[in-house]
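Chemist: The sequence isn't on hand, but the structure is:
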């Protein structure tokens, strides 16, 4: 067995630096939650009182629900890249878990780039092509809000601010979709004999999946599934805290804390609680109880995914950069004399 040279590979920041950055980000996220709680008049003692006596079934339910969300997200990405790259659902699921693990440490969803690196190393496929499919998958992820909202608007009466928020976001998605169409239709993006030209060709190959008919089936059927699943989970889990939410209210809370995650904190800590509490306050629920619920819900989603991602990397001995199991190759047999 021989190993490929890695002198020209970028170095992943040391674990100490990564831990320091994550710690600073978490402190900032908690500060955001504290400021939001202060603005809403949340009392820490009431939050702690709401956390006491939380039934075990609700915690277990939230943990199991987190794996359901990961499973649906991996299914969506597999629908995008599987036929184009010949990768299995298991490949997509493992990469999804690894990306979730690093998103807990890196702000602005930096883990999504590392799942591209992970999958490229594990499978030997072009990282640029995988990145192209991820751009399509990310578009589908957020697009899933639109059909879900349309169905809920037909069945109930969403708040007006949700119409405005999704209207603006829908316009951004249309612009993003047009940009991907232009990319797939443009001419040469660089000389084929240069590194940049080859990378852009591979990237466009991944984005090309956006124009395939199966993607629109995915956009209308599979992309809404994680959001419907999570809105249902919030509705059920909220009852353990005395928050009797309708499905459209849970969907609104989910949209609110996802939009609040524009504030780049590792794992969305602090920003997610702030946005969700503000949405629950809009519906008239107790602020302290709402914040307690969102802390429990968030961390029962966050910690299981982190533990699974860490266990997967340790079991595979994967290091993402530098030498690792993915770099081992079998040398060709020596020619017979």
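Modeler: Here it is on my side, so go on. Keep in mind that this is a model prediction, so the values were computed, not measured.
Chemist: can you list the weak-confidence ranges in the stretch 151-300 of the chain?
Modeler: 187-193 (pLDDT under 70).
Chemist: need the strands for it, in chain order.
Modeler: Assigned by DSSP state E, counting those that start in this stretch, the stretch 151-300 of the chain shows no strands.
Chemist: Equivalent analysis for the stretch 1-150 of the chain, please.
Modeler: For the stretch 1-150 of the chain, the strands defined by DSSP E, counting those that start in this stretch cover 2-3.
Chemist: Would you mind stating the distance between residue 78 and residue 180?
Modeler: Distance from residue 78 to residue 180, counting by Cβ to Cβ, to the nearest Å: 19 Å. Where C-beta positions appear, they are placed from N, C-alpha and C, glycine not excepted.
Chemist: Report the contact partners of residue 51.
Modeler: Contact analysis of residue 51 by Cβ atoms under 8 Å, 6 or more residues apart in numbering lists 292, 295, 296.
Chemist: hmm, 7 Å instead?
Modeler: By Cβ atoms under 7 Å, 6 or more residues apart in numbering, residue 51 lies in contact with residue 292.
Chemist: cool, and residue 302?
Modeler: 104, 267.
Chemist: Which one of residue 78 and residue 180 is surrounded by more residues?
Modeler: Of the pair residue 78 and residue 180, residue 78 is the one with more neighbours under other Cβ atoms under 10 Å, namely 24 against 19.
Chemist: List the contacts of the closest residue to that one other than its chain neighbours.
Modeler: Closest residue to residue 78 in three dimensions, ignoring its sequence neighbours and counting by Cβ to Cβ, 6 or more residues apart in numbering: residue 92, at 4.0 Å. Applying Cβ under 7 Å, 6+ apart, we find residue 92 in contact with 74, 77, 78, 81.
Chemist: Verify the stated contact: the third one with residue 85.
Modeler: This points to residue 78. No - Residue 78 is beyond contact range of residue 85, at 9.9 Å (criterion: Cβ atoms under 7 Å).
Chemist: which stretches of the protein form helices?
Modeler: 15-40, 44-51, 56-85, 89-103, 111-123, 127-143, 145-155, 160-185, 195-207, 213-217, 225-238, 247-260, 271-282, 287-316 (DSSP state H).
Chemist: Can you list the buried residues in the shortest one?
Modeler: To tie it back to what came earlier, the one meant is helix 213-217. With burial defined by 16 or more other Cβ atoms under 10 Å, the residues of helix 213-217 counted as buried are residue 215.
Chemist: Off-centre distance for it?
Modeler: Centre-to-centre, helix 213-217 and its host chain are 21 Å apart (Cα atoms, centre = their mean, to the nearest Å).
Chemist: Who are the contact partners of the residue positioned nearest the centre of the chain?
Modeler: By Cα atoms, centre = their mean, the mean C-alpha position of the chain lies nearest to residue 100, the distance being 6.3 Å. Residue 100 is in contact with 70, 111, 305, 309, counting by Cβ under 7 Å, 6+ apart.
Chemist: among the residues you listed, which one has the lowest pLDDT?
Modeler: When the contacts of residue 100 are compared by pLDDT, residue 111 scores lowest at 85.
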